[in-house]
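Chemist: below: sequence and its predicted model.
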Amino acid sequence: MKRNDLVFIFIIILLLLPFFLIREVYSAYVSFNALHGMIMSFIKFALLATLGEVIALRIRKDKYNEPGFGILPRALVWGFLGLTIKAAFAIFSTGTPVFAEYLGLNGAISVMKGELCWLKILVAFCISAAMNITYAPVMMTFHKITDMHILQTGGTLKGLFRPIPFAKIFNRINWDVQWNFVFKKTIPIFWIPAHTVTFLLPADFQVLFAAMLSVALGLLLAIAGMKSAPTTA
């Protein structure tokens, strides 16, 4: 481990420690998140998911940034995606239990407000599966397109806001990696189980857990980008 790694880890710990050690800081965070959930989702994913990509760059190239990587454009994209993720959580956590009851799973709505039981685990799994099978592939593909656009425009803010040639980039995606790694492996093996746990947690802890998962989200998608780099450059 190099000196810059120790500095990086120290800075991350220093930033996160107050939320765990100082009750007032954590309470203020929870309160602001409850009142301004969308704003916090933007900030949370902009910071933490981008952190995952920075860590992935360190693993790949032994550095945390490089010309053309575009940390700020990536953060803006992740902030926007954070808004859609927040919306997806609200939509699927509300709609899936209603649909489950419509299909005959009695108690699917009320059980999510009660104590942990097998029915609650089943409903949480259904919520996670519905969200990750329908919403997640679209979100992940959009992220891949914007990621390639950022690289192709030199990682600048000005480049980010140029018109994105969606059709052209879509055809250049390495679909072998996108399908066989991002979709087929990370969704059923990691994301569906991880978000099942998320929907079982109390609302306050869901916020923290989703924040931690956003680091893994950025890291996994960045690793997928590494796998496809030779064919999409």
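Modeler: Now that the structure is in, tell me what you want to look at.
Chemist: for Thr196, give me its contacts.
Modeler: Ile121, Ala124, Phe125, Ile127, Ser128 (CB atoms under 8 Å, 6 or more residues apart in numbering). The C-beta positions use only the backbone N, C-alpha and C, and glycine is treated the same way.
Chemist: can you give me how far the lengthiest helix in the chain is from the chain middle?
Modeler: In the chain, ranked by residue count with DSSP state H as the criterion, the top helix is helix 118-152. Averaging C-alpha positions (CA atoms, centre = their mean, to the nearest Å) puts helix 118-152 8 Å from its chain's average.
Chemist: could you do stretch 51-71 as well?
Modeler: 17 Å.
Chemist: return the distance of the closest residue to Met212 other than its chain neighbours relative to Val54.
Modeler: Nearest residue to Met212, sequence neighbours excluded (CB to CB, 6 or more residues apart in numbering): Leu48, at 7.6 Å. Going from Leu48 to Val54 by CB to CB, to the nearest Å gives 10 Å.
Chemist: picking that back up, what's next to the helix or strand containing the residue nearest to Met212, contact-wise?
Modeler: Assessed by DSSP states H and E, Leu48 sits inside helix 37-61. Contacts of helix 37-61 with the rest of the structure, by CB under 8 Å, 6+ apart, involve 5, 8, 12, 32-33, 63-66, 69, 71, 74-76, 78-83, 85-86, 207, 210-212, 214-223, 225-226.
Chemist: what does stretch 79-90 give?
Modeler: Here stretch 79-90 has contacts from 37-38, 41-46, 49, 131, 135, 139, 142-143, 206, 210, 214, using CB under 8 Å, 6+ apart.
Chemist: among those residues, name the buried ones.
Modeler: For the contacts of stretch 79-90, a neighbour count by 16 or more other CB atoms under 10 Å gives the buried set as 37, 41-46, 49, 131, 135, 139, 142-143, 206, 210, 214.
Chemist: of all these, which two lie farthest apart?
Modeler: The most widely separated members of the buried ones among the contacts of stretch 79-90 are Phe142 and Gln206, with 23.4 Å between them, by CB to CB.
Chemist: per-domain residue ranges of this structure.
Modeler: 1-35, 37-232 (automatic domain parsing).
Chemist: can you say which of those domains is packed in most?
Modeler: Per-stretch averages of neighbours, counted by mean count of other CB atoms under 10 Å, single out domain 37-232 among the domains of the chain, with a mean of 17.
Chemist: quickly find the element holding Ile223.
Modeler: helix 203-232.
Chemist: which elements pack onto the longest helix of the chain?
Modeler: helix 71-102, helix 157-160, helix 166-172, helix 192-200, helix 203-232 (3 or more CB pairs under 8 Å, 6 or more residues apart in numbering; DSSP states H and E).
Chemist: pLDDT on it, on average?
Modeler: The average pLDDT within helix 118-152 is 96.
Chemist: angle of it against helix 37-61?
Modeler: When axes from the mean of the first three to the mean of the last three CA atoms, to 10 degrees is applied, the directions of helix 118-152 and helix 37-61 differ by 60 degrees.
Chemist: can we start the residue count at 38 from this point?
Modeler: Okay, residue one is now 38; in that scheme the one you just asked about reads as helix 155-189.
Chemist: from Arg199, how far out is the nearest residue to Ala253 once chain neighbours are set aside?
Modeler: Leaving aside its sequence neighbours, Ala253 sits nearest to Gly89 (CB to CB, 6+ apart; 6.4 Å). Separation of Gly89 from Arg199 (CB to CB): 25 Å.
Chemist: average pLDDT across stretch 50-61?
Modeler: Here the average pLDDT along stretch 50-61 is 86.
Chemist: cool, and stretch 101-118?
Modeler: pLDDT averaged over stretch 101-118 gives 94.
Chemist: sweet, I'm off.
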